[in-house]
Structures are given as C-alpha cells and as structure tokens.
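Visitor: could you look at this predicted model? Sequence included:
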Amino acid sequence: MLNKYIAICLLGLTISCKTQKQPELTAKTTVVTTSPKADFTLAFGSCNKQDEVNLLWDDILKTNPDVWVWGGDNIYADTDNMRRLRAMYAQQNAVKGYQNLKAKVPVIGTWDDHDYGLNDGGVDFDKKKESQQEFLDFMDVGKNDPRRTQEGVYTTHTYNTPQGSIKILVLDTRYFRTDLTLDTETKKRTIPNDYGVGTILGTTQWNWLTEELKNSTADFNILVSSIQILSNEHGFETWGNFPHEVDKLEKLIVDSKAKGVIILSGDRHISEFSKTEIAGVDYPLVDFTSSGLTHTYTKFNGEPNPFRVGDVVFTKSFGLIKFNFKTKEAQMQMIGNDLKVMGELHQTY
C-alpha cells in the first residue's frame, strides 16, 4: 500500500498554520470517486462494537487508503479483567472484513473509554497499565516500541511521499485525564471545570506535544483526539470540559508555526465538521468528527455546537481525507455504506 513512498514512524507530535480560503461545504449522497488519485488518503473511524456487524470494511478498502486510523472505542469492553479484554480484541481481529483491511493497509490509532476499560474513565482507572499492553498488542505494536514502556499510548507517525509529508499525531485523552465536573442541575452529564482545574493530556504528554509541534516540517499535521476538541456545549465528554486546555492547544498551534493542522475525533456516535478561526493562524482549525462504525445516535434531534459547519450525520459512516500537496488541499468526506458521501468539506491550507 505504501510502495510509492517511505513511511517513517516516530515518537513525537506536531501541528501547524498556513493560508486560508473559505472552505466549500457540500452535503450530498453521491458515490465517492477515487480519481484523480490523491497524493495521500487517510481513512478513520470510531465506535465499533466487536460483536455487531460492520458493513463498512469493504467500503473503506475500496477507497484505497494509505492508512487506517482508529479514533477510539475500537471495541466495547468496559472491563478491568484483562483476560476478557484480550478475548474481545481477538474477536475484533477475527472479523473477516477487518482482516482484509489489515492485510493491505497500515493500521494506527488511539483508544477511548470503552476499550480503555472504564466508561468515561481517566487517570484513576486502576488497570490502565495492563490495558495499555493489551491495546498495543491489538495494534501490533512491537515489543521495543517506546509505547511499551511509556505511560500512555500517544505517538507520532510520519509519512513521506515524493509530493510531500504528513505527520499523524496520536493523542491519549484517557491515561492522564483528571476528574470531570458532573452536572447536578440539568439533564447534561458534565459541565466545564473551573478554568485552570484539571488536565486532559498531563504534563509529560503536553511537553512531548509541544516539542513535536515546534519541530514539525510536515505539510499537514493531523491531530487524533478520541473526544471532540471544538464542540463544547453538548454535556458529554469534550475538551470543552477543560477550557484552559483548549486555549493551551490553540496557543501551541500559533506558536509552533506548524502547517496544515486538522483534528480527527470520534466518541459521539454522530459525524460532523466543526471549525474555528484562531488569531495568528491564517487558516481555520477544523475538527472532523467521525462516529460510529457499527452504531449511531439514531434518536439525535439536535444539540448546540457553535462551531458546526453543515449538517450532523447520524448514519453509520467513516471519515476520509484526500490530500493534495501541490494545492495544499484537504478533501474531507463522511462515507456511508456503498460509498455514499453524506457530508463533504474542502479546505485549502
């Protein structure tokens, strides 16, 4: 799959800035096309129950991706029993469609709460070290990889092509995430912490991310977060529950001068595009949420998101991004069964 270029996987992270053009958004149900061939194609998704049929594996393979990125909740385990967790990962690995994808496409990614082992779990999960090793086994991570000895599954993958390079920055929003503030007054589950209270990434991961962003030379820097970063009013898990962490990330994007930052997120059982302008960055920051693969929020009837662009999709789908290094364009698509395009956003960087 990667015979046209060399893929280099490093431990590190990066993010970026460049030229802004108003994005073109179209919501449609046409069939995705694969020509002209993109310089690099990334497919991603989240919220995948290992004991439910996933009709999208063949569609994902047909888009000819250069990499598949798990966005979290890759299985639904919710257990602190490592034998049970291992068996559920094995069940997912036995899925024929997923086996076909793995045989042809590199697989990378992060976890979220249900494969981490505890619903809405964070730093206090007492089996997180053991769970990390099971996750790394599932991801076929080598025994000498730094993730085998570090705390947390964060890492960087850099893909160099003759046309340009992409750095995929995989975050861990579970291992270090401190307590949430529960909402005791409304029907929402959580409310934002007091400003400055708590962390999502933790000190070590923040230091790593800072160095990776400041030293990035990639044309595009893809930030993988299992939970949404921009949408912040729905009452579920989001970086918005730690507003100072959002501000810190945006400042880092500005200061790093990294190019072409795009956020990938999942968790929500809906798909949507969110976008914000950041002073000091000459393109909008897009948070592309793709969720879920086997089940969705079918009773969705609306929720606030001040950053939303276009419509919410609550049909089973995966995310696809086609990159053109010459034009600095990212073509982002929400793809459903039979390659139907249900949402699309084009952005030039």
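Guide: Received it, and whenever you're ready, just let me know what you need.
Visitor: which SSE is immediately downstream of the helix or strand that contains residue 287?
Guide: Following DSSP states H and E, one finds residue 287 within strand 285-289. Per DSSP H and E, strand 285-289 leads on to strand 308-313 as the next helix or strand towards the C-terminus.
Visitor: sheet partners, orientation included, of that following strand?
Guide: Within its sheet, strand 308-313 is paired with strand 271-276 (antiparallel), according to DSSP bridges.
Visitor: so, low pLDDT: which residues of the chain?
Guide: 1-36 (pLDDT under 70).
Visitor: ok, now how distant is the residue lying closest to residue 106 once chain neighbours are set aside from residue 108?
Guide: Spatial nearest neighbour of residue 106, excluding adjacent residues (CB to CB, 6 or more residues apart in numbering): residue 67 at 5.1 Å. Yep, even glycine has a C-beta here, placed from its N, CA and C like the rest. Using CB to CB, to the nearest Å, residue 67 is found at 6 Å from residue 108.
Visitor: residue contacts, residue 320?
Guide: Neighbouring residues of residue 320 by CB atoms under 8 Å, 6 or more residues apart in numbering: 32, 41, 42, 43, 44, 63, 65, 332, 333, 334, 335.
Visitor: in which helix or strand does it reside?
Guide: In this assignment (DSSP H and E), residue 320 forms part of strand 318-324.
Visitor: output that strand in PDB with nothing but the alpha carbons.
Guide: Taking C-alpha atoms only, strand 318-324 is exported to PDB below (Å, rounded to 0.1, in the frame of the first residue of the first chain):
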ATOM      1  CA  PHE A 318     -16.300   6.600   8.400                       C
ATOM      2  CA  GLY A 319     -14.200   9.600   7.700                       C
ATOM      3  CA  LEU A 320     -12.000  10.000   4.600                       C
ATOM      4  CA  ILE A 321      -9.500  12.700   3.800                       C
ATOM      5  CA  LYS A 322      -7.700  13.100   0.400                       C
ATOM      6  CA  PHE A 323      -4.600  15.300   0.500                       C
ATOM      7  CA  ASN A 324      -3.200  17.200  -2.500                       C
END
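Visitor: got the angle between it and strand 285-289?
Guide: Interaxial angle, strand 318-324 versus strand 285-289 (axes from the mean of the first three to the mean of the last three CA atoms, to 10 degrees): 140 degrees.
Visitor: which residues sit against whatever helix or strand comes next after strand 318-324?
Guide: Helices and strands here follow DSSP H and E; after strand 318-324, the next one along the chain is strand 329-335. Applying CB under 8 Å, 6+ apart, the set of residues contacting strand 329-335 from outside is 32, 38, 56, 59-60, 63, 220, 260, 262, 271, 273, 286, 288, 290, 313, 317-324, 341-349.
Visitor: between the helix or strand following strand 329-335 and strand 271-276, what angle do the directions make?
Guide: Scanning forward in sequence from strand 329-335 by DSSP H and E, the next helix or strand is strand 341-348. Relative orientation of strand 341-348 and strand 271-276, computed by the same axes, to 10 degrees: 20 degrees.
Visitor: okay, now the sheet partners of strand 341-348, with direction.
Guide: strand 24-26 (antiparallel), strand 329-335 (antiparallel).
Visitor: would you mind finding the most buried of these?
Guide: Highest mean neighbour count among the strands paired with strand 341-348 (mean count of other CB atoms under 10 Å): strand 329-335, with a mean of 22.
Visitor: what about dumping the CA coordinates of that one to PDB?
Guide: What follows is strand 329-335, C-alpha atoms only, in PDB (Å, rounded to 0.1, in the frame of the first residue of the first chain):
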ATOM      1  CA  GLU A 329      -5.900  21.000  -0.200                       C
ATOM      2  CA  ALA A 330      -7.700  18.500   2.100                       C
ATOM      3  CA  GLN A 331     -10.900  17.000   0.800                       C
ATOM      4  CA  MET A 332     -12.800  15.700   3.800                       C
ATOM      5  CA  GLN A 333     -15.700  13.300   3.400                       C
ATOM      6  CA  MET A 334     -18.200  11.300   5.500                       C
ATOM      7  CA  ILE A 335     -18.700   8.000   3.800                       C
END
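Visitor: what separates that strand from the chain centre, distance-wise?
Guide: On the basis of CA atoms, centre = their mean, to the nearest Å, strand 329-335 sits 14 Å off its chain's mean C-alpha point.
Visitor: and if you look at stretch 238-258?
Guide: So, by CA atoms, centre = their mean, the centroid of stretch 238-258 is 16 Å from its chain's centroid.
Visitor: sorry, back to before: tell me the one of the contacts of residue 320 nearest residue 115?
Guide: Among the contacts of residue 320, residue 44 lies closest to residue 115 (CB to CB), at 15.2 Å.
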